[in-house]
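A predicted structure for the sequence below; I have some questions about it.
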Amino acid sequence: MASDELKNHLDKGIYGTPLVNPEEQHKYLGTFRERCYLSMTVAEMNEPTNKEKFLQELEKRPEAFILINGTLPLEIQNQYIQLATKNQTKFTVVNDHVSEDPQSIGLLIAAKEAVNEPVIDVEEKYPTKQKEEQPKKKSFWDRLFK
């Protein structure tokens, strides 16, 4: 019995405390999906319209905090850090288990407890209005032979 406890203690010292659902925590910058209000990929962070959507979500969630991917270029990080400080929102730059891949998560607005938002992707949550398609003009032959 004592050797099992000793083995567990040594394992924790060597490998660290085991994580619950580590793949999900690595994907969501160290937190769980259920705690997220809004997510932006690295590619989405470069679009100026998404900054406005980010600010809208921050205004709705004063208790939230921000997680920023640490592998992003400093110019992009600084833009979102300035927006966070302007809104007096806590933020953390995460450097563990993150990547620069355009489809990986670049920014999260999250809570300390589960909020279970059904949609967190910025493009799905705040869709951009696309131009209505122009009615198709009838060709000369269509007009001639009604």
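Alright, I've got the coordinates.

in stretch 44-58, what's buried?
Of all the residues in stretch 44-58, those buried under the rule 16 or more other Cβ atoms under 10 Å are 44, 45, 46, 50, 51, 53, 54, 57, 58. Glycine gets a C-beta too; all of them are placed from N, C-alpha and C.

ok, the residues you listed vs residue 93, which is closest?
Each of these was scored against residue 93 by Cβ to Cβ, and residue 45 proved nearest at 13.4 Å.

now that closest one: how far from residue 106?
5 Å (Cβ to Cβ, to the nearest Å).

tell me where the protein has helices.
Listed in chain order, the helices of the chain (DSSP state H) span 2-15, 22-27, 48-60, 74-86, 122-125, 140-144.

can you redo those helices as JSON lines with mean pLDDT?
Shown next, in JSON lines, are those (pLDDT from 0 to 100):
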{"stretch": "helix 2-15", "mean pLDDT": "84"}
{"stretch": "helix 22-27", "mean pLDDT": "87"}
{"stretch": "helix 48-60", "mean pLDDT": "93"}
{"stretch": "helix 74-86", "mean pLDDT": "94"}
{"stretch": "helix 122-125", "mean pLDDT": "92"}
{"stretch": "helix 140-144", "mean pLDDT": "73"}
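
overlap in contacts of residue 45 and residue 106?
Common contacts of residue 45 and residue 106 (Cβ atoms under 8 Å, 6 or more residues apart in numbering): 72, 76.

now stretch 119-138: buried residues?
120, 122, 123, 125, 126.

looking at those residues, spot the one nearest residue 63.
Using Cβ to Cβ, the buried residues of stretch 119-138 come closest to residue 63 at residue 120, 16.3 Å.
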